[in-house]
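Undergrad: Need coordinates for the following:
(chains A and B)
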Amino acid sequence: ETGVTQTPRHLVMGMTNKKSLKCEQHLGHNAMYWYKQSAKKPLELMFVYSLEERVENNSVPSRFSPECPNSSHLFLHLHTLQPEDSALYLCASSQVYQAGGVDTQYFGPGTRLTVL
Amino acid sequence: GQNIDQPTEMTATEGAIVQINCTYQTSGFNGLFWYQQHAGEAPTFLSYNVLDGLEEKGRFSSFLSRSKGYSYLLLKELQMKDSASYLCAVRGFQKLVFGTGTRLLVSP
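TA: Numbers count the residues shown, from 1 in each chain, chains lettered A, B, ... in the order given. Got it, this is the predicted structure:
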């Protein structure tokens, strides 16, 4: 058990749909992350919530909207997605220290998203 | 800029030794991670290097040379279950930058 869970594991949606991905971590960490993993590409960091602040990757389109109500839960709201957004979306968590640096990131199993 | 290079694919035989190389050029460096990812599963942590030298953990070892921007993951006594992708990631403050991963195929 990784300590980081994600639902749903698989999602198929049309371009006009609105859906949300959910992530929950049971490790007591204070930072959570969304990554996108496309075929033959590196893991791409989309969003970070760390020490109650949100850090974004400015290249992420606005059709992806994160929400982090508390340190254990993270959502990724999706709307009017494009077929090229089809990918594996991974959530991760870690412990971040005020003095700087970050501990190992632990990943959830991912949500396989297909946009038709 | 940030750039991490790994070979795309490697093949090896069960029981053999394989070395997966990673070279990096990053604007900040606070350590290097290796992750293993089986198809359809989450990446799992293998090793972490922040100082130069070799870190050994069972059949897996990881080496780092900060002056050369170079790391390798060494897998000994290969098993079929070691067939997976191996991701090299360099750590900056609050952020990991990943390479594309090396797909390792272990054959009988």
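
Undergrad: what's the closest non-adjacent residue to residue A:89?
TA: Setting aside the residues directly before and after it, residue A:89 is nearest to residue A:111 in space (CB to CB, 6 or more residues apart in numbering or on different chains), at 4.8 Å. All C-beta atoms are positioned from the backbone trio N, CA, C, and that covers glycine.

Undergrad: The one you found is in contact with residue A:13, isn't it?
TA: No. Residue A:111 lies out of contact with residue A:13 (CB atoms under 8 Å); the separation is 11.0 Å.

Undergrad: The two - which one has more neighbours?
TA: residue A:111 (22 against 17; other CB atoms under 10 Å in any protein chain shown).

Undergrad: residue contacts, the residue nearest to residue A:89?
TA: Listed by CB atoms under 8 Å, 6 or more residues apart in numbering or on different chains, the contact set of residue A:111 reads A:6-11, A:21, A:88-89.

Undergrad: Relative to residue B:12, which of those residues is nearest.
TA: When the contacts of residue A:111 are ranked by distance to residue B:12 (CB to CB), residue A:88 comes first, at 25.8 Å.

Undergrad: And the contacts of the strand or helix carrying the closest one?
TA: Residue A:88 is part of strand A:87-94 when elements are defined by DSSP states H and E. The set of residues that contact strand A:87-94 without belonging to it, under CB under 8 Å, 6+ apart, is A:3-4, A:6, A:21, A:23, A:25, A:27, A:29, A:31-39, A:43, A:74, A:76, A:102-108, A:110-113, B:42-43.

Undergrad: Buried ones among those?
TA: Burial by neighbour count, judged by 16 or more other CB atoms under 10 Å in any protein chain shown, picks out A:4, A:6, A:21, A:23, A:25, A:29, A:31-37, A:43, A:74, A:76, A:102, A:104-108, A:110-113, B:42-43 from those.

Undergrad: Kind regards, and thank you for your time.
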